[in-house]
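*Asks:* Quick one, what's the 3D model for this:
(one chain, ligands or ions: 1)
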Amino acid sequence: MEMDKLVSLCKRRGFLFQSSEIYGGLNGFWDYGPLGVELKRNLKEAWWRDMVKAHDDLHAPAGAPRPYEMVGLDCSIIMHPQVWKCSGHYDLFHDFMVDCRESKKRYRHDQVNGRWVEAKGKRVFAAVQEGGEEGEKLAEQRALKFFNLRAKNADELKWDGPLVSLTTVQDFARVLGPDAKELGTLTPPREFNLMFKTYVGALSGEEGAAFLRPETAQGIFVNFKNVCDSGRVRIPFGIAQIGKSFRNEITPRNFTFRSREFEQMEIEFFCHPDESVAWYRYWRDRRFRWYTDLGLAGERLRLREHHADELSHYSRGTADIEYAFPFLPPGDFGELEGIAHRGDFDLRSHMEGKLVKQGDALVVEQGPDGKPKHRGSGKDLRYFDDVKKERYLPHVIEPSAGADRGTLAFLCEAYREDTAPDENGKPTERVYLKLHPRLAPIKAAVFPLVNKDGMPDVAQRLYLELKRDFNVFYDDGGAVGRRYRRQDEAGTPYCLTIDGQTLQDQTVTIRDRDTLQQRRLPLNGVAEELRKLLR
Ligand code: GAP
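*Replies:* The predicted structure is shown next:
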């Protein structure tokens, strides 16, 4: 699947628009159109239903060490600034960036690649933003242009090694920036905190400074005690939250994959330290299965367990669920969700203050005055097990997913082209979205075959009946074949057509988007059949 085709379908059919497009757009921000908003809502609702609402508190699901409880939260986006100081985001949530003095563009240091090349007695690092074969091709074009050579003289370029990251380069005077004509226009790398800063109330100075949350997780940790004290849960239990997060990404790109405003679906699962590894395994496998059940199966989806040297010092396991997005070089995967064993790091940080590693232990980081650099809440966040009479700090397993990345992956996976006969039997090209019926924005479309002989009346009655329970669409415009194609492109799994026979025997045709097969159903059994098909 070529990404351009999906991007164009998303705009044409109203899945995704660039934010503030009439003013030229704003990089890293996206708007969901009428079909997109339904698709993303369906994804979030499937997650909420499967993880929280339909969760059975009484029995252990397959693979779980024991039964557990699940509850939800909806926390504010702006929280006390101390939250981010203790969590580590204030000091550590940054990327390194380089600026180009000539093009005025800004790049993430680790996302610039390039190749060393020599010609006409000069050695330069030809930098590009792409990777893989495309990056190599572009680096050659940049070098040819810089040395004023034609493509037929490409053999005058003496390459020294493969495409490597700019992070391996010390001498910036020899770097030809990705959009520069001259050498040495990139500034040395500088730290850039990814949190969006804002000011609360009338205070404009640092006293009023606050941040838009870069993850929903911290809202859950700082409410851990509230949820326990409100008496609803006993360990093991999980708290789930869906909400917006904001990161001032240096180079947002790849459609919605890396945005500056996005939605996360996060669970913090609190358990006894002795059982934490078993719970980590449960959540890793459970979350992977969730994607495959909804249609992200096959080679493009993988579960990647981190190696021991990739783990944070407090973690006893982390895995990523990754998808081979079509905009990535072949063989590359992008993260959809991370499942992390976080030990007691987060609750301890909010209790004692920002933690750092000292030897094998985590200790409160001290400032130059010997006092905690970022003081915690001082509240006792330990859990008291009143059956075992044991007080302890629970360990946390965190499955953290992105709703926008998920939506994008399901769109990429669903995009199909085939050839199907039109209403005259002539084979024609067809574009359709093979979305799981639970995710499809429109569940069924209702058509009168023609706009006469009482067909619209029957069709509208059926539409109104179905509308009570499902998102259905009524369409009486144009040839029925064209109406089918419009629904195929929107990913609508079923089309219901009222025709001459309906008026005689009270049956309708139901057409399946994927198999194109049609069968007849009793008119009064359509709602029940749809309910069964969508389950
Ligand atoms: N609380 C853990 C956490 O936030 P993360 O890996 O930084 O972990 C979790 O983010 C998920 O959020 C990612 O797997 C991804 O799906 C989504 N995400 C993160 N940054 C994003 C961005 N800039 N644009 C879109 N989605 C993003």
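
*Asks:* Phi and psi next, for E528.
*Replies:* Here is the backbone geometry of E528 (degrees, to the nearest 10): phi -70, psi -40.

*Asks:* What of I77?
*Replies:* phi -80, psi -40.

*Asks:* Numbering from 10 from now on, please.
*Replies:* OK, 10 is where the count begins now, so the last one is I86.

*Asks:* burial measure for it, as a count.
*Replies:* 16 (other Cβ atoms under 10 Å). All C-beta spots, glycine's among them, are computed from the backbone N, C-alpha and C.

*Asks:* contacting residues around Q515?
*Replies:* P531, L532, N533 (Cβ atoms under 8 Å, 6 or more residues apart in numbering).

*Asks:* Please name the residues that touch the last one.
*Replies:* The neighbourhood of N533, defined by Cβ under 8 Å, 6+ apart, consists of Q515.

*Asks:* secondary structure class for it?
*Replies:* With DSSP: H, G, I helix; E, B strand; the rest coil as the basis, the three-state label of N533 is helix.

*Asks:* Name the residues of the stretch 160-309 of the chain found near the ligand, please.
*Replies:* E224, A226, R256, E258, R267, S268, F271, Q273, E275 (Cβ under 6 Å from any ligand atom).

*Asks:* Can you flag which of those residues belong to helices?
*Replies:* Per DSSP state H, helices hold the following members of those: A226.

*Asks:* Reformat the residues of the stretch 160-309 of the chain next to the ligand as CSV; add pLDDT and distance to Y493.
*Replies:* CSV is the format used below for those (pLDDT from 0 to 100; distance: Cβ to Cβ, whole Å):
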residue, pLDDT, distance to Y493
E224, 98, 43
A226, 98, 44
R256, 97, 41
E258, 94, 40
R267, 96, 36
S268, 97, 34
F271, 98, 34
Q273, 98, 37
E275, 98, 39
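
*Asks:* Whichever of the residues of the stretch 160-309 of the chain next to the ligand end up buried, select them in ChimeraX.
*Replies:* Restricted to buried positions by 16 or more other Cβ atoms under 10 Å, the ChimeraX selection for those reads:
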select :224,226,256,258,267,268,271,273,275
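
*Asks:* Show me what residue of the protein gets nearest to the ligand.
*Replies:* G411 (2.2 Å; Cβ to the nearest ligand atom).

*Asks:* Would you quantify the distance from that residue to E314?
*Replies:* G411 sits 20 Å away from E314, going by Cβ to Cβ, to the nearest Å.

*Asks:* related to what we said a few turns ago, what's the neighbour count on the residue of the chain closest to the ligand?
*Replies:* G411: 24 neighbours (other Cβ under 10 Å).

*Asks:* What are the phi and psi values at the spatially most central residue of the chain?
*Replies:* Nearest residue to the geometric centre of the chain (Cα atoms, centre = their mean): R414, 2.4 Å. Phi and psi for R414, reported as degrees, to the nearest 10, are phi -60, psi -40.

*Asks:* Now for it: which residues touch it?
*Replies:* Neighbours of R414 in contact, by Cβ under 8 Å, 6+ apart: T265, F266, F271, Y332, G343, E344, L345.

*Asks:* Just give the closest residue to the first one, not the sequence neighbours.
*Replies:* Using Cβ to Cβ, 6 or more residues apart in numbering and skipping the chain neighbours, the partner closest in space to T265 is D413 (4.6 Å).

*Asks:* now swap in the third one and tell me
*Replies:* Excluding its sequence neighbours, the residue lying closest to F271 (Cβ to Cβ, 6+ apart) is D413, at 4.7 Å.

*Asks:* Over to that neighbour. Which of the three states is it?
*Replies:* D413 ends up helix, using three-state DSSP.

*Asks:* burial of it, as a residue count?
*Replies:* 21.

*Asks:* ok, it touching W39?
*Replies:* Yes - the pair D413 and W39 passes the contact test of Cβ atoms under 8 Å, sitting 7.5 Å apart.

*Asks:* any common contacting residues for the two?
*Replies:* Contacts common to D413 and W39, judged by Cβ under 8 Å, 6+ apart, are T265, S268.

*Asks:* what does the average pLDDT come to for stretch 87-105?
*Replies:* Computed over stretch 87-105, the mean pLDDT rounds to 95.

*Asks:* what does stretch 212-220 give?
*Replies:* Mean per-residue pLDDT for stretch 212-220: 84.

*Asks:* Just the terminal-to-terminal distance for that stretch.
*Replies:* 14 Å (Cα to Cα, to the nearest Å).

*Asks:* Equivalent analysis for stretch 109-128, please.
*Replies:* Termini of stretch 109-128 sit 23 Å apart (Cα to Cα).

*Asks:* list the buried ones in it?
*Replies:* 109, 114, 116-118, 120-126, 128.

*Asks:* Can you give me every residue that contacts P245?
*Replies:* P245 touches R75, Y77, E78, F278, F279, C280, H281, E284, W288, counting by Cβ under 8 Å, 6+ apart.

*Asks:* Spell out which residues of the stretch 410-544 of the chain are next to the ligand.
*Replies:* Going by Cβ under 6 Å from any ligand atom, the residues of the stretch 410-544 of the chain near the ligand are A410, G411, D413, R414.

*Asks:* Tell me which two in these are the farthest apart.
*Replies:* The distance between the two most remote of those (Cβ to Cβ) is 10.1 Å, for A410 and D413.

*Asks:* coming back round to it: in helices, which of the contacts of R414 fall?
*Replies:* Per DSSP H, those never map to helices.

*Asks:* number of nearby residues for the nearest residue to N162 once chain neighbours are set aside?
*Replies:* Spatial nearest neighbour of N162, excluding adjacent residues (Cβ to Cβ, 6+ apart): L153 at 7.9 Å. When neighbours are counted by other Cβ under 10 Å, L153 registers 19.

*Asks:* Would you verify that L153 is located in a helix?
*Replies:* Yes - counting by three-state DSSP, L153 is part of a helix.

*Asks:* For the stretch 310-459 of the chain, which segments are assigned as helices?
*Replies:* Assigned by DSSP state H, counting those that start in this stretch, the helices in the stretch 310-459 of the chain fall at 354-361, 412-423.

*Asks:* what's around the residue nearest to K452 when sequence neighbours are not counted, how many residues?
*Replies:* Leaving aside its chain neighbours, K452 sits nearest to F479 (4.3 Å; criterion: Cβ to Cβ, 6+ apart). Using other Cβ under 10 Å, the number of residues around F479 comes to 16.

*Asks:* Only C-alpha atoms, please: export stretch 260-279 in CSV.
*Replies:* The C-alpha trace of stretch 260-279 is given here as CSV (Å, rounded to 0.1, in the frame of the first residue of the first chain):
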residue,chain,number,x,y,z
THR,A,260,10.1,17.0,14.1
PRO,A,261,6.5,15.8,14.0
ARG,A,262,6.1,13.6,10.9
ASN,A,263,4.6,10.6,9.2
PHE,A,264,1.0,11.8,9.2
THR,A,265,-0.5,11.4,12.7
PHE,A,266,2.3,9.0,13.9
ARG,A,267,4.3,11.7,15.6
SER,A,268,2.0,14.5,16.5
ARG,A,269,2.3,17.3,19.1
GLU,A,270,-1.3,16.7,20.4
PHE,A,271,-2.5,13.1,20.6
GLU,A,272,-4.6,10.8,22.7
GLN,A,273,-3.3,8.0,24.9
MET,A,274,-5.1,5.0,26.4
GLU,A,275,-3.2,4.0,29.5
ILE,A,276,-3.6,1.5,32.3
GLU,A,277,-1.6,1.5,35.5
PHE,A,278,-2.0,-1.9,37.0
PHE,A,279,-1.1,-2.2,40.7
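
*Asks:* Sweet, I'm off.
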